[in-house]
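Enquirer: Okay, predicted coordinates and the sequence, questions at the end:
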Amino acid sequence: MIFPARYARYVFSTVMSIYMVTIMTCVITLVNTGHEGDFLMRWWRAFYIAWPIAFVLILIGAPRLQTFAARLIKKPALAPAANKQ
């Protein structure tokens, strides 16, 4: 274990935001401007603008969204008790 459990929310928000923003900014930069020339500079600029925003949104929104998503999921029906003989 690298981090104490009390930091779980921050570790999750950091990892999730880096994962999402890396992929999304790469795809959007490629689609909008292509791979030529200074692609890495354009991607990095998009990344460093988007990452803090994504981090804060995940930090604030993830607990509420997890609760909301759990409400949307049907709970499995309990199996009837087996007949005992």
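Expert: That came through fine.
Enquirer: other SSEs contacting the helix or strand where V11 lies?
Expert: Assigned by DSSP states H and E, V11 belongs to helix 8-33. In terms of contacts (3 or more Cβ pairs under 8 Å, 6 or more residues apart in numbering; DSSP states H and E), helix 8-33 is packed against helix 39-72. No exception for glycine: its C-beta is placed from N, CA and C like everyone else's.
Enquirer: and the angle from the helix it packs on to helix 8-33?
Expert: Orientation note: helix 39-72 sits at an angle of 130 degrees relative to helix 8-33 (axes from the mean of the first three to the mean of the last three Cα atoms, to 10 degrees).
Enquirer: what's the distance between the most centrally placed residue in the chain and V31?
Expert: Residue closest to the mean C-alpha point of the chain, counted by Cα atoms, centre = their mean, is M16 at 3.8 Å. Here the distance between M16 and V31 works out to 22 Å (Cβ to Cβ, to the nearest Å).
Enquirer: Please consider this matter closed, and thank you.
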